[in-house]
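In: A structural model of the following input is requested.
(one chain, ligands or ions: 1)
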Amino acid sequence: MATKPMSYPIMEKLVALSRRRGFLFQSSEIYDGINAVYDYGPMGVELKRNIKDLWWQDMVRSREDILGMDTAILMHPRVWEASGHVNNFHDPMTECKKCRRRYRVDHLPEGTKDCPECGGELAEAKQFNLMFRTKLGSTDEGSMDVYLRPETAQGIFVNFANVVASNRVKLPFGIAQLGKAFRNEITTGNFIFRTREFEQMEMEFFIHPGENARWLEYWAEERLNWYKSLGISPEKLRLRAHGPDELAHYSSACYDVEYAFPYGFSEVEGIADRGTYDLDQHNAFSKKKLDYIDQENGGVRIVPAVIETSAGVDRSVLTVMTDAFWEDEANERIVMRFSPKLAPYKAAVFPLFKKEGMPEIARKLYEQLRRHTAVIYDDGGSIGKRYRRQDEIGTPFCLTVDHESLNDHAVTLRDRDSLEQIRIPIGKVPDILKEKIGL
Ligand code: GAP
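Out: Next up is the predicted model:
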C-alpha cells in the first residue's frame, strides 16, 4: 500500500489484517494504487455502516431538536468564496528541488531546510489550496470551475432558510448530515487517518448568539461520551481545547476529541464555535436573507450563532479498529474486540463437519438468526481455523453444531474474548444472543 505507517508495528499489523480480512484495500490496487485513497471491503463496509447508523440514530433520530439533510457534493463556486475556503483553506507547502517530494511546512521540525528523504534543498514555502477543482458542464454550453466540497457543512448553511421555512423549528436546533468530502492533502499517511477522499458526519447547532460558550461545552462532552458509548477505551480518549494559533478561519473556539493512536494523541472530531460567521458570509455574498424570526423575543430577526460537531467517518473507523486490535499471545491469535453493536457479524454458525445432518441443523439456525441480525455461515476448514477467522473480523459469538446436537438439540456457544464455551439449547439461541449482544 502506498501510505505505509512504517514506524508503528501495530499500525502495520492493522493494515495487513485489514487487507487479509477484507476491511480495507488501497484504491485501484491492480494499477499500483492511488495515494491516500482507500476502498472498503465486505467487512469494512459493515463496520463503517454500523458507525454511521449509530451516529444517525444518536444525533438525528433520537433527538427532537436535530433534523437531517443530504446535500450535493458539487455546489456553486461562490459558496466557497463566501465560506472563506478559496482564500483561507490552504496549508504551507514546500518541495524538494532534487526528489520533488512535497511536505507540509508545519509538519517539519522548525527551521528544516533540507529534504528529510534525500537531503536535497527545500524550496521556499508557498500556500497550497486543498480544494479539488473540476469543470461543470460541456464546452458547448460553457463550463464552470467548481470544487469538490472540502466539508459537508456548507451544504447545511446554504439551506438554512429552506429548512426553517419548510419545518417547524425553534432555536436551539441542529441540522446534521453525513457524506463525502475531498481534500488534496499535501502529506497523507497513517493508513486512513488522513486521506484525500473521506466521509464526514457533521451537525450544525443553531443557537441564540451569546449562548456559545454553554453549548460548546455541552457538545464537547456529548461527543466525547459518544465515542465512549462505542466501547472505545475511555482512558485513550480526551478533549483538547485549541490554542488561538490553531483555530480555523471560521472559528473562535474549538475542542478536539482525540484518541491515543500508536503515533500519539490525534484528532478524531472537532467541536467548534463558528459564531455567525457562515450565515453572515452567505447573507453578504448571496444577498438572500439567511436569518431567523425570533417569535419568543417579539419577532426580531436574528442571525443565529452555530456550534458545529464535525467527525470523520474514516477516522472513527480507524479509532475503533486501533482500539479493538488485540494480540492474544497466550492463545496465539489476533482478535478484533469490537463492541457487538459495531462488529460486522454478531455471530457465526458452523457445522463441525459437512456430514451426518450437521449442515442441515446449522443452516436452519443460520437462516433463523439472519432474519434478526448479521450472522455468517462458515463450513470451510478446521474448526480452529474458523475460530481464528471470526476472531480477526471481530465476531463476538460462534455457534457450533456437532454430533451431539442431533441428540441433545443443543449447540456450543463460544465467547470471542473469554474463550468460554457453553452448551445451549438451539431453541434458546435467539434469546440468549439478544441478551448478550444487547440489540
Ligand atoms: N466542517 C469543519 C471541518 O471540516 P475539520 O477539522 O477540517 O473541520 C473535521 O474536519 C473532521 O473531518 C476531522 O476531525 C477528521 O475526523 C475529518 N477529516 C478532516 N480531514 C480529513 C482527511 N484528510 N482524511 C480523513 N479525515 C479527515
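In: Please identify the residues of the chain in proximity to the ligand?
Out: Counting by CB under 6 Å from any ligand atom, the chain comes close to the ligand at 151, 153, 183, 185, 194-195, 198, 200, 202, 267-270, 308, 310-312, 314-315. C-betas here are computed from N, CA, C, even on glycine.
In: please redo it, this time with the cut-off set to 5 Å
Out: Within the chain, the positions adjacent to the ligand are 151, 153, 183, 185, 194-195, 198, 267, 269-270, 310, 312, 315 by CB under 5 Å from any ligand atom.
In: For Pro77, grab the count of nearby residues.
Out: Applying other CB atoms under 10 Å, we find 16 residues neighbouring Pro77.
In: do Thr373 as well
Out: Neighbour count of Thr373, defined by other CB under 10 Å: 15.
In: before we move on, back to that, what subset of the residues of the chain next to the ligand is buried?
Out: 151, 153, 183, 185, 194-195, 198, 267, 269-270, 310, 312, 315 (16 or more other CB atoms under 10 Å).
In: For the stretch 251-400 of the chain, which segments count as helices?
Out: 277-286, 313-324, 358-370, 383-393 (DSSP state H, counting those that start in this stretch).
In: For whichever residue of the stretch 201-350 of the chain sits closest to the ligand, give me its contacts.
Out: Here the stretch 201-350 of the chain gets closest to the ligand at one residue, Gly312, 2.3 Å apart by CB to the nearest ligand atom. Contacts for Gly312 (CB atoms under 8 Å, 6 or more residues apart in numbering) come out as Phe198, Glu199, Gln200, Met201, Val268, Glu269.
In: Kindly list the main-chain dihedrals of the third one?
Out: The phi and psi values for Gln200, taken as degrees, to the nearest 10, are phi -120, psi 150.
In: Can you give the domain ranges for the protein?
Out: 42-75+140-322, 345-437 (automatic domain parsing).
In: Now tabulate those in TSV and tack on mean pLDDT and distance to Lys97.
Out: Converted to TSV, these look like this (pLDDT from 0 to 100; distance: least, CB to CB, whole Å):
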stretch	mean pLDDT	distance to Lys97
domain 42-75+140-322	96	16
domain 345-437	94	45
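In: between those, which one is nearest to Glu329?
Out: Across the domains of the chain, Glu329 has its closest neighbour in domain 345-437 (13.3 Å, CB to CB).
In: quick check, distance from that closest one to the centre of its chain.
Out: Distance of domain 345-437 from its chain centroid, counting by CA atoms, centre = their mean, to the nearest Å, is 30 Å.
In: Next: stretch 47-65.
Out: The chain centre lies 12 Å from the centre of stretch 47-65; the measure is CA atoms, centre = their mean.
In: Please apply the same query to stretch 300-315.
Out: Centroid separation for stretch 300-315 versus its chain: 17 Å, with CA atoms, centre = their mean.
In: What is the end-to-end distance of it?
Out: Stretch 300-315 has an end-to-end distance of 41 Å (CA to CA, to the nearest Å).
In: switch to numbering from 50
Out: Got it, the first residue is 50 from now on, which makes the last one we talked about stretch 349-364.
In: The residue lying closest to Thr371 once chain neighbours are set aside: neighbouring residues, count only.
Out: In space, and not counting its chain neighbours, Thr371 is closest to Phe310: 6.0 Å by CB to CB, 6 or more residues apart in numbering. As a burial measure, Phe310 scores 22 neighbours (other CB under 10 Å).
In: Same question for Ile486.
Out: Neighbour count for Ile486, taken as other CB under 10 Å: 17.
In: From the ligand, how far off is it?
Out: From Ile486 over to the ligand the distance is 28 Å, taken as CB to the nearest ligand atom, to the nearest Å.
In: I'd like the distance from the closest residue to that residue other than its chain neighbours to Asp305, if you could.
Out: Counting by CB to CB, 6+ apart, Pro389 is the residue found nearest to Ile486 once chain neighbours are left out, at 4.3 Å. Relative to Asp305, Pro389 is positioned 28 Å away (CB to CB, to the nearest Å).
In: Repeat that for Thr371.
Out: For Thr371 relative to Asp305 (CB to CB), the value is 17 Å.
In: do the same with Glu405
Out: For Glu405, the distance to Asp305 - CB to CB - is 57 Å.
In: These two: who's more crowded?
Out: Each of Glu405 and Asp305 has its neighbours counted (other CB under 10 Å); Asp305 has more, 21 against 14.
In: so who does that one touch?
Out: When contacts are counted by CB under 8 Å, 6+ apart, Asp305 touches Leu288, Arg289, His291, Glu316, Val317, Glu318, Gly319, Ile320.
In: ditto for Thr461
Out: Neighbour list for Thr461: Leu448, Thr449, Asp451, Gln470, Ile471, Arg472 [criterion: CB under 8 Å, 6+ apart].
In: Tell me the buried residues within the residues you listed.
Out: Leu448, Thr449, Asp451.
In: what sits opposite the second one in the beta ladder?
Out: Partner residues in beta bridges with Thr449: Phe399, Thr461, with DSSP bridges as the criterion.
In: hang on, it packs against Val460?
Out: Yes. Thr449 is within contact range of Val460, at 6.1 Å (criterion: CB atoms under 8 Å).
In: Let me see the ranges of the strands in the stretch 150-299 of the chain.
Out: For the stretch 150-299 of the chain, the strands defined by DSSP state E, counting those that start in this stretch cover 151-153, 175-178, 181-185, 193-197, 222-231, 246-256, 286-290.
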